[in-house]
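> build the 3D model from these lines:
(chains A, B, C, D, E, F, G, H, I and J, ligands or ions: 16)
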Protein chains: 10
Amino acid sequence: MPSRPTKELEIFPNPTPARDYHIHMEIPEFTCLCPKTGQPDFATLILDYIPDKRCIELKSLKLYIWSYRNENAFHEAVTNRIVDDLTAALKPRYLRLTAKFFVRGGIFTNIIVEHRKSGWKPLPLVELGKFEGQSTTRG
Amino acid sequence: MPSRPTKELEIFPNPTPARDYHIHMEIPEFTCLCPKTGQPDFATLILDYIPDKRCIELKSLKLYIWSYRNENAFHEAVTNRIVDDLTAALKPRYLRLTAKFFVRGGIFTNIIVEHRKSGWKPLPLVELGKFEGQSTTRG
Amino acid sequence: MPSRPTKELEIFPNPTPARDYHIHMEIPEFTCLCPKTGQPDFATLILDYIPDKRCIELKSLKLYIWSYRNENAFHEAVTNRIVDDLTAALKPRYLRLTAKFFVRGGIFTNIIVEHRKSGWKPLPLVELGKFEGQSTTRG
Amino acid sequence: MPSRPTKELEIFPNPTPARDYHIHMEIPEFTCLCPKTGQPDFATLILDYIPDKRCIELKSLKLYIWSYRNENAFHEAVTNRIVDDLTAALKPRYLRLTAKFFVRGGIFTNIIVEHRKSGWKPLPLVELGKFEGQSTTRG
Amino acid sequence: MPSRPTKELEIFPNPTPARDYHIHMEIPEFTCLCPKTGQPDFATLILDYIPDKRCIELKSLKLYIWSYRNENAFHEAVTNRIVDDLTAALKPRYLRLTAKFFVRGGIFTNIIVEHRKSGWKPLPLVELGKFEGQSTTRG
Amino acid sequence: MPSRPTKELEIFPNPTPARDYHIHMEIPEFTCLCPKTGQPDFATLILDYIPDKRCIELKSLKLYIWSYRNENAFHEAVTNRIVDDLTAALKPRYLRLTAKFFVRGGIFTNIIVEHRKSGWKPLPLVELGKFEGQSTTRG
Amino acid sequence: MPSRPTKELEIFPNPTPARDYHIHMEIPEFTCLCPKTGQPDFATLILDYIPDKRCIELKSLKLYIWSYRNENAFHEAVTNRIVDDLTAALKPRYLRLTAKFFVRGGIFTNIIVEHRKSGWKPLPLVELGKFEGQSTTRG
Amino acid sequence: MPSRPTKELEIFPNPTPARDYHIHMEIPEFTCLCPKTGQPDFATLILDYIPDKRCIELKSLKLYIWSYRNENAFHEAVTNRIVDDLTAALKPRYLRLTAKFFVRGGIFTNIIVEHRKSGWKPLPLVELGKFEGQSTTRG
Amino acid sequence: MPSRPTKELEIFPNPTPARDYHIHMEIPEFTCLCPKTGQPDFATLILDYIPDKRCIELKSLKLYIWSYRNENAFHEAVTNRIVDDLTAALKPRYLRLTAKFFVRGGIFTNIIVEHRKSGWKPLPLVELGKFEGQSTTRG
Amino acid sequence: MPSRPTKELEIFPNPTPARDYHIHMEIPEFTCLCPKTGQPDFATLILDYIPDKRCIELKSLKLYIWSYRNENAFHEAVTNRIVDDLTAALKPRYLRLTAKFFVRGGIFTNIIVEHRKSGWKPLPLVELGKFEGQSTTRG
Ligand SMILES: [Ca+2]
Ligand SMILES: [Ca+2]
Ligand SMILES: [Ca+2]
Ligand SMILES: [Ca+2]
Ligand SMILES: [Ca+2]
Ligand SMILES: [Ca+2]
Ligand SMILES: [Ca+2]
Ligand SMILES: [Ca+2]
Ligand SMILES: [Ca+2]
Ligand SMILES: [Ca+2]
Ligand SMILES: [Ca+2]
Ligand SMILES: [Ca+2]
Ligand SMILES: [Ca+2]
Ligand SMILES: [Ca+2]
Ligand SMILES: [Ca+2]
Ligand SMILES: [Ca+2]
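Residues are numbered from 1 along each chain as shown, chains lettered A, B, ... in the order given. Ligands and ions are numbered 1, 2, ... in the order given. Below you'll find the model as predicted:
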């Protein structure tokens, strides 16, 4: 896999396709260009998915994100496009992308897009008490 | 679009109307006048919506918010009015506005108003484990 | 409305009775006396309600809260009484009061009481991704 | 009520038995002894309950917690036992105990046990937007 | 004191002029207009001062802050001007103003200006261990 | 039980099998080796389970986690394997493992895997108001 | 010591007068009345002192704070008066009081007053790296 | 001023050169390329300065930051270069730049560089109690 | 070293006595008895020291802390006594103990005591920009 | 530079040796073995230094940290040794290492060690108001 930006997404076989399980990835380094002004836009992307037969390669995901660096893209359209591309490559049972854009005009915008595989139904959630994370060290 | 306050709301076509997706915007610069005392009131607005055929222009939203600067408005009424205006302009599948007013009389007031398009039903939620955000840098 | 403590609650007409919407108020200045020891007790009150035909006046709510300053009151009983009084004045579709008392005997106590209007049913919730608030400024 | 540790739990009549309401207590001072090593264990206890005809006296609860100070107790067993004792004394509609033990062997353990009164059903929850607490003062 | 915006600042005599002591005020409701674009700007102001013979009236300070609502003002200039006005009215031993402006152009700006009375010297600081604030209630 | 890393998991009898209750453990010291690069990987593991007849020994769990220190393991595969091993040893009613891996390639990855005992159904959740934890001391 | 509000302050002998050491107390339950409006004011008090021959009784401090409940008091004056009273009773080497008042008129006010014993000099501070507190439990 | 990336920095006259005062800016959108790998790097920049006769234009600063988008730059060198450029343009009394780079190789790097005008000395600091910021709204 | 509570403190030779360096330990499990009421008191202890020829054994410190479990002790006296005992055993260049007691009577008390070796002087501090910690994982 | 653990440290020339500037690195992946029990220990390392003629290669630092994975090391000794190695390789003007070890025996230990180049003196600090970091996005 070359270390160049690319729209091609590398996948590997899901090691446990028998189970519905959840992969959560945080990708803080998205940047593209605003089609109106040509100025750079920035976002943190949050990817949640339930794989079917395929998982996404972490390095390939990084190169794919990089590929937007010199492209013009509107917030709403680019978030939907990334979902389309990931869905085409992964054919996941479920996928959700949250794009948290840096402030523009004093307003913070976030776009949340999901894909559900036709016919797939989530297991009824087992709801447990919630616990919040803390640092591993103290002081 | 002129850079003057205006009640007119500019929209653009939703790039992916085939999907229910979620747009979340935080607008920290709302101010109006209290009809009783004439003194300024302030709020942070949180807008959540699921677009149908239209999306709101970020800059137009900013000018619309600005238009309340010299108007008298009660907390409950103005939050409902903004929902009415946004709903008329966007005809969204779903829209929710949270207005978090600055403290008055030692009491903090928040108003939450929503609109649901007639006949529209949200997809059953796919509930996933929650993860909390952290800063992109450290130190 | 006189600026004296009072159990009388002033209301005003709900400007948008056609809609179920949510009013959230935080009231950090509740104090009363412990019936056993005569010593002061303190709490922060959180009021959530869905108005029907009436809304509560912010200043009147403040004077009502003040009226407990020299009264004896147990935690459980006083939280229920405030819900009764607010319900009688507002006849709301829904009302919930959370009283967070300051520590006594090393134990923190919170009481949560709600009222539901007979025959009223909440709309099925539209569940969206959650976002957490941050400060409006930086640094 | 003597100020000595005791397994006896004092109760008082619920002032509003007509309503399902929620009492939340945080008790940071639980300690007992590890049956294997004899060394002290520590935990913060979180008690949530919906009373039926009885409520727990705050001071009595404190003395009851104290009574474990010199007793041997495993994490899982003692959390279940406290629920049994509180349930026997309070006969609540619902009761949940969360025991958050201090770290042992580099691992943090929390035990969550609940009791439901036979035949009792919770009201369907009225779900509202959530708000997070903040300090009453600033600076 | 009329409830209208005004540049006039009301003061009252310092009750303890024999002592150097510190007054810290947080004023979250500053707004003015940008001289370049005419658009509203917003800031939270933090005022720290050591009074000499005079203290500032809280309500008067509020009306003074209000007086900038319809005025054009650059960030650096207006922060310096407020310090000049407060210094003229209070003739304090020491005064510091921190203006935290809302984001513009994706950049957050804060301006910190101080005034020291000629000949006045701060007492050498007694440095103690620091403690951080927490909420008064729990849960 | 020897203090050596081992894949063998020690269990003890659940003291209260009559009840569905929840055990939550946080294990910050997971490390293994990346099969591609041979470099160390790190994660914090969060284990939630509802025991049936067996509970996991805390010390044994620690030794089991240690056993991955010199093994090659992919993120997705190892999280699923740990769930398989714990499930085989505990035969729990429900078990969920959340593995929060340290950043790689600028991307943060978390894997969440669960097991449900065939035929077991969670009790309908009693949803209560949530309260957030705070430190036991102040300052 | 009677459990009634009192301006009398009970002290006990400092067990280690040979050393300069620091006592830090947080007192969240201060309330008095505004001399202008008669309405209640609230504050959290932070007391820091280096004792000389005397220390303050915790319960007596609580009763002293209670004694302001029905008294008129301005923010600046009452903070200075409490320092005068504590100084008269304790004759400390050093004492600092921070009063954090609840918001009034949308402005948060804090008053910080200190007393230094004539001729006393603090030891030069040994400055160490700082560490921040975290909760004792996790989850 | 054109809306194109540029190394040219626009300044404006300091409105209050008679005073030493502090300007603090947070610039979250720095990105450049790694000279070794060609991959993008990201940082948040924190700029603190005490102006002499000149201040930096906010928009110009944004365009200057943008100018690094397609340039190769090492962390240490680029932080020093930006300080050189800002110092040349502003000739400030004091300037400090903190560059907080996004994680690389699992390690977080921050570079802090300062410039002091020859012969300039900071006023001895007036040290006051510190207060921490909180959100303007609640809930 | 026996696993029983003991006032005896085990030490080991400082591996680098040529250097002044800082050891910071957080000990959340201190408990003793109140001499007035017989009831348990609790505290988190923070120990900071600069060793001379000796360091404290972690396990021995734990057993020493345990030894207070059944002893009567006032807050001020016990904090001073622990400093005396640690100083006698370690003969450190510098030692500071911060005891953060759990709330009593609604008041939070912290005691900070230090010891300085006669003739020892701290190196002048090299003050660097501060950075705050964050969690190692995200989500 | 091979991707194998190594005690050899690669350096590169400081691009701006004319200036004292500060490099801060956070390294969350330190692990070694306890010489007493053979069990793994974990720490987050914080490295602060002011370079002279040399800077440390980020990748080399990572491989150096990795080299402790299978070595026995006491907390105090290993922190001092890493400072010795870094000092030998970098010959820095100033270097400080903070090692935050994961909890052992319920106690959290942090070790802070520094090196100062003979004859080097830090510039007198320019103290500015502090500002705290926040996330780049909102929601
Ligand atoms: Ca969060
Ligand atoms: Ca988290
Ligand atoms: Ca721990
Ligand atoms: Ca919260
Ligand atoms: Ca919030
Ligand atoms: Ca604060
Ligand atoms: Ca912003
Ligand atoms: Ca704290
Ligand atoms: Ca990272
Ligand atoms: Ca909370
Ligand atoms: Ca929590
Ligand atoms: Ca902190
Ligand atoms: Ca802070
Ligand atoms: Ca408390
Ligand atoms: Ca930070
Ligand atoms: Ca945002």
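> show me what the residue nearest the centre of chain A bridges to in the sheet.
The centre of chain A sits closest to A:Leu47, judged by CA atoms, centre = their mean, with a distance of 3.0 Å. Using DSSP bridges, the beta-bridge partners of A:Leu47 come out as A:Met25, A:Leu97.
> is ligand 9 within reach of stretch A:20-34?
No. Contact of stretch A:20-34 with ligand 9 (CB under 5 Å from the ion) is absent, the minimum separation being 8.3 Å. Every C-beta, even on glycine, is put in place using the N, C-alpha and C of the backbone.
> restricting to C-alpha, output that stretch in CSV.
Taking Å, rounded to 0.1, in the frame of the first residue of the first chain, the C-alpha atoms of stretch A:20-34 are listed here in CSV:
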residue,chain,number,x,y,z
ASP,A,20,-22.5,-8.2,15.3
TYR,A,21,-19.8,-6.1,16.9
HIS,A,22,-18.9,-2.4,16.9
ILE,A,23,-15.8,-0.6,15.7
HIS,A,24,-15.4,3.0,16.7
MET,A,25,-12.6,5.2,15.2
GLU,A,26,-11.7,8.8,15.8
ILE,A,27,-9.9,10.6,12.9
PRO,A,28,-8.9,14.1,13.8
GLU,A,29,-7.1,15.1,10.6
PHE,A,30,-9.7,15.8,7.9
THR,A,31,-9.2,18.9,5.8
CYS,A,32,-10.6,20.0,2.4
LEU,A,33,-11.3,23.3,0.6
CYS,A,34,-14.4,25.4,0.7
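> what residues are up against the residue in chain A that ligand 9 sits nearest to?
Using CB to the ion, A:Pro28 is the residue of chain A that sits closest to ligand 9, at 8.3 Å. Neighbouring residues of A:Pro28 by CB atoms under 8 Å, 6 or more residues apart in numbering or on different chains: A:Thr44, A:Leu45, B:Thr136, F:Gly106, H:Phe42, H:Phe102.
> report the lowest-confidence entry in these.
Ranked by pLDDT, the contacts of A:Pro28 bottom out at B:Thr136, which has 65.
> list, one by one, the residues from chain A near ligand 16.
A:Lys100, A:Phe108.
> list the contacts of the longest helix along chain A.
The residue-count maximum for a helix in chain A (DSSP state H) belongs to helix A:75-90. Helix A:75-90 has contacts (CB under 8 Å, 6+ apart) with A:7, A:9, A:11, A:32, A:41, A:43, A:45, A:47, A:49, A:51-52, A:54-56, A:64, A:68, A:73, A:92, A:95, A:97, A:99, A:101, A:109, A:111-115, B:14-16, B:19, B:21, B:23, B:51, B:55.
> go with 6 Å
A:9, A:11, A:54, A:56, A:95, A:97, A:99, A:101, A:109, A:111, A:113, A:115, B:15-16, B:55 (CB atoms under 6 Å, 6 or more residues apart in numbering or on different chains).
> which positions in it come out as buried?
For helix A:75-90, burial by neighbour count (16 or more other CB atoms under 10 Å in any protein chain shown) applies to A:75-83, A:86-87, A:89-90.
> need the contact list for A:Glu114.
By CB under 6 Å, 6+ apart, the contact list for A:Glu114 reads A:Arg96.
> can you check A:Tyr49 too?
In this structure, A:Tyr49 makes contact with A:Ile23, A:Pro92, A:Leu95, judged by CB under 6 Å, 6+ apart.
> which SS class is it?
Secondary structure, DSSP: H, G, I helix; E, B strand; the rest coil: A:Tyr49 is strand.
> how close does it get to ligand 10?
The spacing between A:Tyr49 and ligand 10, counted by CB to the ion, to the nearest Å, is 32 Å.
> and for that residue, nearest residue in space, chain neighbours not counted?
Leaving aside its sequence neighbours, A:Tyr49 sits nearest to A:Leu95 (CB to CB, 6 or more residues apart in numbering or on different chains; 4.1 Å).
> count the residues that sit near the one you found.
Look at A:Leu95: counted by other CB atoms under 10 Å in any protein chain shown, it has 24 neighbours.
> from ligand 16, how far off is it?
Noted for A:Leu95: a distance of 22 Å to ligand 16, by CB to the ion.
> so that residue: helix, strand or coil?
Once three-state DSSP is applied, A:Leu95 turns out strand.
> OK, contacts around it?
So A:Leu95 contacts A:Tyr49, A:Leu86, A:Thr87, A:His115 (CB under 6 Å, 6+ apart).
> if we use 8 Å, what do you get?
A:Leu95 neighbours (CB under 8 Å, 6+ apart): A:Leu47, A:Asp48, A:Tyr49, A:Ile50, A:Val83, A:Leu86, A:Thr87, A:Glu114, A:His115.
> what of A:Pro40?
Contacts of A:Pro40 (CB under 8 Å, 6+ apart): A:Thr31, A:Cys32, A:Leu33, A:Cys34, H:Glu29, H:Thr31, H:Trp66, H:Arg69.
> surely the third one touches H:Pro5?
The reference is to A:Leu33. No. Between A:Leu33 and H:Pro5 there is no contact, the gap being 11.4 Å when judged by CB atoms under 8 Å.
> ok, A:Gly38 - how many residues close by?
Neighbourhood size, A:Gly38 [other CB under 10 Å]: 12.
> over to A:Cys34?
Using other CB under 10 Å, A:Cys34 has 14 neighbouring residues.
> what of A:Leu33?
Residue neighbour count, defined by other CB under 10 Å, stands at 17 for A:Leu33.
> per-residue pLDDT of the closest residue to it other than its chain neighbours, please?
Leaving aside its chain neighbours, A:Leu33 sits nearest to A:Asn72 (5.0 Å; criterion: CB to CB, 6+ apart). For A:Asn72, the model assigns a pLDDT of 98.
> what about the one residue in chain A that gets nearest to chain D, which helix or strand?
Per CB to the nearest CB, A:Gly129 is where chain A lies closest to chain D, at 4.9 Å. Using DSSP states H and E, A:Gly129 sits in no helix or strand.
> where's the closest residue to it other than its chain neighbours, which helix or strand?
Using CB to CB, 6+ apart and skipping residues adjacent in sequence, the residue nearest A:Gly129 is D:Ile112, 4.9 Å away. For D:Ile112, the host element (DSSP H and E) is strand D:108-116.
> who does that strand pair up with?
Sheet pairing for strand D:108-116, assigned by DSSP bridges, gives strand D:94-101 (antiparallel), strand F:22-33 (antiparallel).
> much appreciated, bye for now.
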